[in-house]
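[1] Quick one, fold the following:
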Amino acid sequence: MALSNWIRTTLEDGLRPTALSVVDESHQHAGHAGWREGGETHFRLDVVSAAFEGKSRVERHRIVNALLAEAFTRGLHALALRARTPAEAGRDPG
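    Take a look at the predicted model:
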């Protein structure tokens, strides 16, 4: 299974998001640390989930990083992460 699909499935199972964007930005990091031919090393995630209610930004990131810990052994090098509640996403759709 492609890493991007694994990330999506893992987050869907673990967080039941109301919105989820998984974007492979590896091409933007060609030649930099952690990059490899074929991509799937650098991702941008936007996750909207009720699981983040009452959690700080750091706690939200820890939740996502814990769910995706195995991805780092599969070649993931970096994540850019936006983690919001449904109410926050409603106020800020972008």
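[2] Give me the below-cutoff pLDDT ranges for this structure.
    1, 27-40, 92-94 (pLDDT under 70).
[3] And the strands in it, which stretches?
    With strands called from DSSP state E, the chain shows them at 19-24, 42-48, 78-84.
[4] ranking the ones you listed by burial, who's on top?
    Ranked by mean neighbour count, the strands of the chain are led by strand 42-48 with a mean of 20 (mean count of other Cβ atoms under 10 Å). All C-beta spots, glycine's among them, are computed from the backbone N, C-alpha and C.
[5] Adjacent strands (with direction) for that strand?
    Looking at strand 42-48 with DSSP bridges, its partner strands are strand 19-24 (antiparallel), strand 78-84 (parallel).
[6] List the contacts of it.
    If you take Cβ atoms under 8 Å, 6 or more residues apart in numbering as the criterion, strand 42-48 is touched by 4, 7, 11, 15, 17-26, 28-29, 34-35, 64, 76-86, 88-89.
[7] Dihedrals phi and psi, Glu53?
    Torsion angles at Glu53 (phi, psi; degrees, to the nearest 10) stand at phi -60, psi 130.
[8] OK, contacts around it?
    Thr85.
[9] now Pro86
    Here Pro86 is in contact with 18, 48-50 (Cβ under 8 Å, 6+ apart).
[10] now with 7 Å?
    Counting by Cβ atoms under 7 Å, 6 or more residues apart in numbering, Pro86 touches 18, 48, 50.
[11] From Ser26, how far off is the closest residue to Pro17 other than its chain neighbours?
    In space, and not counting its chain neighbours, Pro17 is closest to Ser49: 4.4 Å by Cβ to Cβ, 6 or more residues apart in numbering. Separation of Ser49 from Ser26 (Cβ to Cβ, to the nearest Å): 25 Å.
[12] Sweet, I'm off.
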